[in-house]
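[1] 3D model of this:
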Amino acid sequence: GDDDESQVVGYKHVEVVRGKKKRSCLPGHACAECDPFWNAVCDGNNVFQRKQFEDVSRHRAAFSPESTPPEFWELSFVDERRAREKKERQEKEMQHARMIAREDTADSPVETSLTW
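    Take a look at the predicted model:
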């Protein structure tokens, strides 16, 4: 019969690779959490290169995984999301208005004369 390991698939797919030795042969990839770290450590210095981090990456696959589309994990309905975003905008505007009001009262002259 055909050996599963000898078959080559010509398209991107997710394949489970079992065994530490076999996984270590796969190329490393960055995830959304790792990428900022790699950029901070690798950019602007001559000590580390990005290739070194790809060699030790825990994220290994034959193909780099596709990122999910924006709002893919937003499970609420569109009208609920819009209402929540509107409420968040209103809260930010209120906080901004309170901050401006505090600054205005701090800048106003304080009366020091007392009348008895």
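[2] only C-alpha atoms for contact and neighbour calcs from this point on.
    OK.
[3] now Cys31, nearest residue through space, not along the chain?
    His59 (7.5 Å; CA to CA, 6 or more residues apart in numbering).
[4] could you give me the buried positions within the helix or strand containing Asp35?
    Assigned by DSSP states H and E, Asp35 falls within helix 34-42. Neighbour-count burial for helix 34-42 flags Trp38, Val41, Cys42 (criterion: 16 or more other CA atoms under 10 Å).
[5] please apply the same query to stretch 51-64.
    Result for stretch 51-64 [16+ other CA under 10 Å]: buried residues Phe53, Glu54, Ser57, Arg58, His59, Arg60, Ala61, Ala62, Ser64.
[6] distance from the helix holding Asp35 to the middle of the chain?
    12 Å (CA atoms, centre = their mean, to the nearest Å).
[7] just after that helix, pick out the following helix or strand.
    Assigned by DSSP H and E, the successor of helix 34-42 is helix 50-56.
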